[in-house]
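Novice: Next input, structure requested:
(one chain, ligands or ions: 2)
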Amino acid sequence: MDLNQLLHKTFGFPNFRANQEAVCRAATEGRDVLLVMPTGAGKSLCYQLPAIARGGTALVISPLIALMDDQAAKLTALGLRVARIHSGLSRDEARQACRDYLDGTLQFLFIAPERMRVPNFPEMLAKRKPALIAIDEAHCISQWGHDFRPDYRTLGAYLPSLRPAPVIALTATATPTVQKDIVTQLQLAQPALFIHGFRRHNLAIEVVELSKPRRNQFTVDLLKSPANRPAIVYAPSRKAAEELASTLGGNAAAYHAGLDPGTRERVQRHFLSGKLEVVVATIAFGMGIDKADVRTVVHTALPGSVEAYYQEIGRAGRDGQPSRTVLLHSFADRKMHDFFLDRDYPAPTELSRVAAVLTGDYQMPDILRQRLHMDVETFDKAVEKLASQGAASINIEGNVRSTGHTTWRTGYDAQLAFRRSQIDRMAAFAETPQCRMTALIQHFGDTADGLRPCGHCDFCSPERATAQTFRAPSSQ
Ligand code: ADP
Ligand code: MG
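Specialist: Ligands and ions are numbered 1, 2, ... in the order given. Predicted structure coming up:
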């Protein structure tokens, strides 16, 4: 059947969105695909439609139960035959899903990546090969990404046994480095590359150089206007988030990883319902939050990477209405990042250095341990062993492996250099006078965009910037 007809008949959409048709065509023809489009652009359709067009069962690998459940519910509502296998389901449900898969009655099977480590599971899948394999949130495979998941890393090893199905890797955040990593790790065969849609027409991006002590007042003034709410404010620390939230008052709340799950859930719910109009969050907020009418996103400090920044400002204006993003920064922000880098990449004799080597992140050992899926005892033993040898690394499967000092140093230095380059690029973005939207699109390597100036940012349209109204009274 024609792909257009299938789009109408199965999904009830009148048209493809930009780029969807070309992607669907490539995947339907059996080509491997790497698809990089921003959140909300409609990536799911790009594996779902080809899956239906090709017939058979599509195997979908997804990192979060919530994402799996959401997609499965949507497809089921469309009358499609779907099953999931994840840790939130009973053994019986999982067994039934396997039976249905082997009977060939499923159109979609969703699994978590760690399922591949369950003995005999990959063999079971290989008995009846899928017609298409989709790897959602594929940036999780790359240790250069900020959501690195060790279980994604091992996927590549299992894919050959499930071939010849085409593999389609989807993500919203992949710089050229991460893109290359995805292609290599998954052994994609001459993949069709689609890197599109990073231009957001309704966002007015603003960057304001402002000393730290003045930033809270700026934010309070900005969010006084009802037209600028609902809003998400990203703060650099839990303490900063708490402080600003209490300055903002009753319709604002803080959201960070230090709060108990109940409080976090309540903040999220009240923000979605409109009871709360401003959330002041650390990076922990936003995954899976789908609030369409966020009018303003403020960063009260320089983020650590352009990828994180883009992802966060992307939560503004999902409904297509004009929205504003404001980044507050100064040279002091660079100093803050340098401080964290020094802390996380200390002298080689310390344990924390071992942890830093392995995470390549502003992460402390416990987070590393969780990422490696190790229990405390195994991890402690591993670290002890490493420390006693003076030089070693833990590979991503979680096995301890000692290596020569050189290898270790190389990995460590590469990680540190990578972090530094991310911060450099973020600082360069803030300091370079250029259309903000164009700078972002160039950063992501969008090949199809004409790179026209956006017309709304503080560079294209300085007279509309909020900083003018703020500066005027205080400079008297
Ligand atoms: P992504 O994975 O890129 O973040 P999704 O695949 O979840 O985005 O899609 C976002 C929304 O867009 C979904 O509600 C989906 O139904 C809708 N959508 C996708 N393609 C189309 C289309 N061609 N026409 C209308 N709506 C679409
Ligand atoms: Mg998606």
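
Novice: Could you use CA atoms for every contact and neighbour count after this?
Specialist: Fine.

Novice: OK, contacts around the spatially most central residue of the chain?
Specialist: Nearest to the mean C-alpha position of the chain, counting by Cα atoms, centre = their mean, stands residue 173 at 5.7 Å. Contacts here follow Cα atoms under 8 Å, 6 or more residues apart in numbering; on that basis residue 173 touches 36, 37, 38, 139, 307, 311.

Novice: Quick check: the gap between residue 206 and residue 294.
Specialist: Spatial separation of residue 206 from residue 294 under the definition Cα to Cα, to the nearest Å is 16 Å.

Novice: Share the number of residues neighbouring residue 226, please.
Specialist: Residue 226 is surrounded by 11 other residues when neighbours are defined as other Cα atoms under 10 Å.

Novice: what about it, distance to ligand 1?
Specialist: If you measure residue 226 against ligand 1 using Cα to the nearest ligand atom, to the nearest Å, the figure is 27 Å.

Novice: Residue 446 too?
Specialist: Residue 446 sits at a distance of 15 Å from ligand 1 (criterion: Cα to the nearest ligand atom).

Novice: Which strand or helix spans that residue?
Specialist: Residue 446 is part of no helix or strand when elements are defined by DSSP states H and E.

Novice: Quick check: it touching residue 193?
Specialist: No: between residue 446 and residue 193 there is no contact, the gap being 10.5 Å when judged by Cα atoms under 8 Å.

Novice: Show me what from this structure comes close to ligand 1.
Specialist: Among all residues of the chain, those adjacent to ligand 1 (criterion: Cα under 6 Å from any ligand atom) are 13, 15, 16, 17, 38, 39, 40, 41, 42, 43, 44, 45.

Novice: Who's the closest spatial neighbour of the last one, skipping the chain neighbours?
Specialist: By the measure of Cα to Cα, 6 or more residues apart in numbering, the closest residue to residue 45 outside its immediate chain neighbours is residue 20, 7.6 Å from it.

Novice: residues near that neighbour, how many?
Specialist: Using other Cα under 10 Å as the criterion, the residues surrounding residue 20 number 21.

Novice: Residue 446 and residue 193: which is more packed in?
Specialist: More neighbours surround residue 446 than the other of residue 446 and residue 193, with 20 against 17 (other Cα under 10 Å).

Novice: which residues sit in contact with that one?
Specialist: When contacts are counted by Cα under 8 Å, 6+ apart, residue 446 touches 195, 196, 197, 198.

Novice: Could you find the closest non-adjacent residue to the closest residue to ligand 1 within the stretch 101-250 of the chain?
Specialist: Residue nearest to ligand 1 within the stretch 101-250 of the chain (Cα to the nearest ligand atom): residue 172, separated by 7.0 Å. Ranked by Cα to Cα, 6+ apart and with sequence neighbours excluded, the top spatial neighbour of residue 172 is residue 38, at 4.4 Å.

Novice: Please list the residues outside the strand or helix carrying residue 158 that contact it.
Specialist: Assigned by DSSP H and E, residue 158 belongs to helix 155-162. Helix 155-162 is contacted by residues 113, 116, 122, 125, 126, 129, 130, 185, 186, 187 when judged by Cα under 8 Å, 6+ apart.

Novice: Tell me if I'm right that the residue of the stretch 101-250 of the chain closest to ligand 1 and residue 34 touch.
Specialist: No: counting by Cα under 8 Å, residue 172 stays clear of residue 34, with 10.9 Å between them.

Novice: before we move on, the earlier item: surely the residue nearest to residue 172 is within a strand?
Specialist: No: checked against DSSP: H, G, I helix; E, B strand; the rest coil, residue 38 lies outside a strand; its state is coil.

Novice: Give me the phi and psi angles of residue 252.
Specialist: phi -120, psi 150 (degrees, to the nearest 10).

Novice: who's it bridged to?
Specialist: When bridges are assigned using DSSP bridges, the partners listed for residue 252 are residue 278.

Novice: and it, how many neighbours does it have?
Specialist: Residues contacting residue 252 under the criterion other Cα under 10 Å number 24.

Novice: 417 is where my numbering starts, stick with that
Specialist: Sounds good: first residue 417 from here, last item residue 668.

Novice: Contact partners for it?
Specialist: Each residue near residue 668 by Cα under 8 Å, 6+ apart is listed here: 661, 662, 692, 693, 694, 695, 696.

Novice: which one of the residues you listed sits closest to residue 594?
Specialist: Proximity of the contacts of residue 668 to residue 594 (Cα to Cα) peaks at residue 696, which lies at 29.4 Å.

Novice: okay but that closest one is in contact with residue 667, surely?
Specialist: No: contact between residue 696 and residue 667 fails when scored by Cα under 8 Å: they sit 10.9 Å apart.

Novice: Can you pick out the residue with more neighbours from those two?
Specialist: Set side by side, residue 696 and residue 667 show more neighbours around residue 696, with 29 against 16, by other Cα under 10 Å.

Novice: which ones are touching the more buried one?
Specialist: For residue 696, counting by Cα under 8 Å, 6+ apart, the contacting residues are 648, 649, 650, 651, 657, 658, 660, 661, 668, 669, 670, 671.

Novice: Please list the members of those residues that lie in strands.
Specialist: When those are checked against strands (DSSP state E), the matches are 648, 649, 650, 668, 669, 670, 671.

Novice: Restricted to strands, list the contacts of helix 571-578.
Specialist: Taking DSSP E, every one of the contacts of helix 571-578 sits outside strands.

Novice: Can you get me the start-to-end distance on stretch 557-576?
Specialist: Distance between the two ends of stretch 557-576: 17 Å, counting by Cα to Cα.

Novice: same deal with stretch 576-588?
Specialist: End-to-end distance for stretch 576-588, by Cα to Cα: 25 Å.

Novice: go on, stretch 647-656?
Specialist: Chord length of stretch 647-656, first to last residue, is 17 Å (Cα to Cα).

Novice: Go ahead and build a ChimeraX selection from the buried members of the contacts of residue 696.
Specialist: Written as a ChimeraX command, the selection of buried residues from the contacts of residue 696, which uses 16 or more other Cα atoms under 10 Å, is:
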select :648,649,650,651,657,658,660,661,668,669,670,671
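
Novice: and the contacts of residue 696 as JSON lines, adding pLDDT and distance to residue 641?
Specialist: As requested, those are arranged in JSON lines below (pLDDT from 0 to 100; distance: Cα to Cα, whole Å):
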{"residue": "648", "pLDDT": "96", "distance to residue 641": "14"}
{"residue": "649", "pLDDT": "97", "distance to residue 641": "15"}
{"residue": "650", "pLDDT": "96", "distance to residue 641": "19"}
{"residue": "651", "pLDDT": "96", "distance to residue 641": "20"}
{"residue": "657", "pLDDT": "96", "distance to residue 641": "20"}
{"residue": "658", "pLDDT": "96", "distance to residue 641": "21"}
{"residue": "660", "pLDDT": "98", "distance to residue 641": "17"}
{"residue": "661", "pLDDT": "97", "distance to residue 641": "16"}
{"residue": "668", "pLDDT": "97", "distance to residue 641": "14"}
{"residue": "669", "pLDDT": "96", "distance to residue 641": "17"}
{"residue": "670", "pLDDT": "96", "distance to residue 641": "20"}
{"residue": "671", "pLDDT": "93", "distance to residue 641": "22"}
